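Asks: This is a predicted model, with the sequence first.
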Amino acid sequence: MRLSIGQVHRNVLALASSRSCFVLGDRLSFRMLSQPRAAGLHQSAWRGSQIVEDRGGPLTLASLEVQSRVEYGKKEKTPRSGGMKPSSRASSLNVKPKFSPLNVKPAKSASPKSSGIKKTLKVDEALFSAKSFEELGLPPLLVDRLNKEGLTAPTEVQSAAIPIIAQKHDVVIQSYTGSGKTLAYLLPILSEIGPLKRPMEHDSSEKRSGVEAVIVAPSRELGMQIVREVEKILGPGDKRLVQQLVGGANRSRQEEALKKNKPIIVVGTPGRISEISAAGKLHTHACRFLVLDEVDQLLSFNYREDMHRILEHVGRKSGTTSRDILGPLARRSERQTILVSATIPFSVIRAARSWGHDPVLVRAKSVVPLDSITVPRPVLSHTDANSSSPSSSVNQAAVGSLPPSLEHFYCTAKAQHKVDTLRRCIHALDAQTVIAFMNNTKPLKDVVFKLEARGIKATELHGDLGKLARSTVLKKFKDGEFRVLVTNELSARGLDVPECDLVVNLDLPTDSTHYAHRAGRTGRLGRKGIVVTICEENEAFVVRKMRKQLAVPIKPCEFTEGELVVHKEEDVE
Ligand SMILES: Nc1ncnc2c1ncn2[C@@H]1O[C@H](COP(=O)(O)OP(=O)(O)OP(=O)(O)O)[C@@H](O)[C@H]1O
């Protein structure tokens, strides 16, 4: 019996002595794991077959999509191109839960389009709120649009954030990666502005002109992703109401589009927004909402000038200057500020307190006034928002940022053997959609080359590629044309590839916050996912340190004979 990754944490039955590998139990019913998968899956998976009854085939990442709580329909699996062996896609299950939030269309079919199979990715029901979108007070037109898009129930963080933003609080939204933070701020904004908004008795919207919401994101990819999310909700007829202002794209075209389309929402990167604003082509004085997505990164030293301009200008009536008698208070009253990240260091809490209007911290199941949070005094430093706090603040920020559905492992390998370890890891886990992180740009190509030479379709994504190349690569990866995306920190934040079932760190992340964001590219919306860190022997202590800081088990392992072998900690220490 080979066992699925998803079962590790709950089903450990025994430890095999000599290799100290875990032998795992299985509580899932045979019916759920039965024939179709058995036919398609190969030997890779967990060692431990001696003890557990063989139920007809190995369980691999594909089986992560199976949960005992809900009933599934099964569909044919479509192989992802480039794999050594044709195997299952992890996401070919139909799920029909209580509120059918799981009736979610994947962002994109990850299998070749020719398959004609409309897949439904299984997500974790527990992530969803017991309340409906209507109960949260969203306007009927907006709820209709959401339903049309297959979004029928809010996640917990959406359920907490939507009413609080509607009450005009400034908020800091913190919840783990892939928990739906984007809609948590978009929905209350779209309830107030644009064609789907709540009907008002005394509608002052006619008097408003210009941009009403500015959303800032640290990367083009994330910016574009947010634009697509807004477009999806607005529907094809009103797409022009959102405008992307990301770097790397033609600036004059963006300026022309601003003039022609008169968008109510702009989404962009700090540099481009502030550039166009400084040129007088973007008028945001009447803006009602300012969102900083991945706020901890946006408030880092790198972005300080652009962010300063944005914070000074957005939602600030012309004529007021920072020397006005009310100073920042006058500005505050003009806009609602929404700060969002899976990792919120104390520095962000401090900033939010100083700009905020009754600011509150919103988490999945709690809403806390920021004033009630004890924040240590800052330590001066000029590197970034995280490091402007003591290292404990970095650690504090990362705690609770990881979805519980993730499983973490690490293994050691010499630098020159890392790609081979990656290959063995992919096969042992039968991973279909893999993101491999490195710290620098230069070695990415080499890794891609080596993977391709071993028959694994791979591609690279980094900031040196042009905007078009970046979006093409990403699209092809999402569409399943490549099995592995080899990338750097650029892709660590916010990137939503629902099908991603494995994240691999080929280089160690710089700290636990970086680990958390990289890891969060898998296990989206409560799906199962695996994170494997491949490090050198003398770096293993760093992983163990991060494990402590993050308070998640990161288990030592190795990949032998097409299988994942989990070690007892003592064997490696
Ligand atoms: N209520 C919902 N029902 C179904 N799917 C949803 C819902 N809310 C969000 N999603 C989907 O869940 C996925 C993750 O959402 P999102 O990208 O907003 O997560 P996040 O918390 O911002 O993650 P990160 O911290 O990595 O940026 C997206 O594919 C999104 O479309």
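Replies: Cool, got the structure. Everything numeric here is computed off the predicted structure, so don't read it as measured data.
Asks: is any part of stretch 471-490 close to the ligand?
Replies: No: Stretch 471-490 lies apart from the ligand when judged by Cβ under 6 Å from any ligand atom; the minimum separation is 11.0 Å. Every residue, glycine included, has its C-beta placed from N, CA and C.
Asks: CA atoms of that stretch as CSV?
Replies: Only the C-alpha atoms of stretch 471-490 are listed here, as CSV (Å, rounded to 0.1, in the frame of the first residue of the first chain):
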residue,chain,number,x,y,z
SER,A,471,2.9,36.4,-18.8
THR,A,472,3.4,33.8,-21.6
VAL,A,473,5.5,31.6,-19.4
LEU,A,474,3.0,31.8,-16.6
LYS,A,475,0.1,31.1,-18.8
LYS,A,476,1.8,28.1,-20.3
PHE,A,477,2.6,26.8,-16.9
LYS,A,478,-0.9,27.3,-15.7
ASP,A,479,-2.2,25.5,-18.8
GLY,A,480,-0.1,22.5,-18.1
GLU,A,481,2.4,22.9,-20.9
PHE,A,482,5.3,22.7,-18.3
ARG,A,483,5.5,20.5,-15.3
VAL,A,484,8.0,22.6,-13.4
LEU,A,485,8.3,26.3,-13.1
VAL,A,486,11.8,27.2,-12.0
THR,A,487,11.8,30.7,-10.5
ASN,A,488,13.1,33.1,-7.9
GLU,A,489,11.5,35.3,-5.3
LEU,A,490,9.5,37.0,-8.0
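Asks: Arg521: what secondary structure?
Replies: coil (DSSP: H, G, I helix; E, B strand; the rest coil).
Asks: Report the separation between the closest residue to Gly466 other than its chain neighbours and the ligand.
Replies: Nearest residue to Gly466 in three dimensions, chain neighbours excluded: Gly248, at 6.6 Å (Cβ to Cβ, 6 or more residues apart in numbering). From Gly248 across to the ligand, the span is 20 Å (Cβ to the nearest ligand atom, to the nearest Å).
Asks: swap in Val295?
Replies: Relative to the ligand, Val295 is positioned 11 Å away (Cβ to the nearest ligand atom).
Asks: could you point out which element follows the helix or strand of the chain at the bottom of the mean pLDDT ranking?
Replies: Scoring the helices and strands of the chain by mean pLDDT, DSSP states H and E places strand 93-95 at the bottom, with a mean of 26. Following strand 93-95 in sequence order, the next helix or strand is helix 140-148 (DSSP states H and E).
Asks: which secondary structure elements does that next one contact?
Replies: Judged by 3 or more Cβ pairs under 8 Å, 6 or more residues apart in numbering; DSSP states H and E, helix 140-148 is in contact with helix 181-190, helix 220-234.
Asks: which stretch among these comes nearest the ligand?
Replies: The ligand sits nearest to helix 181-190 of all the helices and strands packed on helix 140-148, at 3.2 Å, using Cβ to the nearest ligand atom.
Asks: ok, now which ones touch the residue nearest to Arg145 when sequence neighbours are not counted?
Replies: Sequence neighbours aside, Ile233 is the residue nearest to Arg145 in space, at 5.5 Å (criterion: Cβ to Cβ, 6+ apart). By Cβ atoms under 8 Å, 6 or more residues apart in numbering, Ile233 lies in contact with 142, 145-146, 149, 186-187, 190, 196.
Asks: Quick check on those residues: which are buried?
Replies: 142, 145-146, 186-187, 190, 196 (16 or more other Cβ atoms under 10 Å).
Asks: Output the contacts of Ile233 as CSV; include the columns distance to Glu312 and pLDDT.
Replies: Converted to CSV, those look like this (distance: Cβ to Cβ, whole Å; pLDDT from 0 to 100):
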residue, distance to Glu312, pLDDT
Leu142, 31, 97
Arg145, 34, 96
Leu146, 34, 97
Glu149, 36, 95
Leu186, 24, 98
Leu187, 28, 98
Leu190, 26, 97
Leu196, 30, 94
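Asks: now, which of these lie close to the ligand?
Replies: Counting by Cβ under 6 Å from any ligand atom, the subset of the contacts of Ile233 that neighbours the ligand is empty.
Asks: So which of these is the closest to Gly466?
Replies: Leu186 (28.2 Å; Cβ to Cβ).
Asks: Give me the below-cutoff pLDDT ranges for the stretch 351-500 of the chain.
Replies: 377-396 (pLDDT under 70).
Asks: What residues does the protein have near the ligand?
Replies: The chain comes close to the ligand at residues 101, 104, 107, 151, 153-155, 158, 177-183, 342, 494, 496, 498, 520, 524-525, as judged by Cβ under 6 Å from any ligand atom.
Asks: Can you tell me the number of residues neighbouring Arg454?
Replies: Counted with other Cβ atoms under 10 Å, residues neighbouring Arg454 total 16.
Asks: actually Glu305, not the one I wrote
Replies: Glu305 is flanked by 12 other residues according to other Cβ under 10 Å.
Asks: Next: Ser179.
Replies: 25.
Asks: Surely it forms part of a helix?
Replies: No: checked against three-state DSSP, Ser179 lies outside a helix; its state is coil.
Asks: For Leu564, give its distance to the ligand.
Replies: To the ligand, Leu564 is 25 Å away according to Cβ to the nearest ligand atom.
Asks: I should have written Thr421 there, sorry.
Replies: Per Cβ to the nearest ligand atom, Thr421 is found 26 Å from the ligand.
Asks: That residue sits in which helix or strand?
Replies: helix 418-429.
Asks: In terms of secondary structure, what does that helix contact?
Replies: Secondary-structure packing of helix 418-429 (3+ Cβ pairs under 8 Å, 6+ apart): helix 442-453, strand 502-505, strand 529-535, strand 554-560, strand 563-566.
Asks: what number of residues lie near the residue in the stretch 301-450 of the chain that the ligand sits nearest to?
Replies: Residue nearest to the ligand within the stretch 301-450 of the chain: Ala342 (4.1 Å; Cβ to the nearest ligand atom). Ala342: 27 surrounding residues under other Cβ under 10 Å.
Asks: Give me the distance between Gly455 and Ser341.
Replies: Note on Gly455: its distance to Ser341, by Cβ to Cβ, to the nearest Å, is 38 Å.
Asks: More neighbours: those two, which one.
Replies: Comparing Gly455 with Ser341 by neighbour count (other Cβ under 10 Å), the higher total belongs to Ser341, at 28 against 12.
Asks: so what's the more buried one up against?
Replies: Neighbour list for Ser341: 173-174, 293-297, 348 [criterion: Cβ under 8 Å, 6+ apart].
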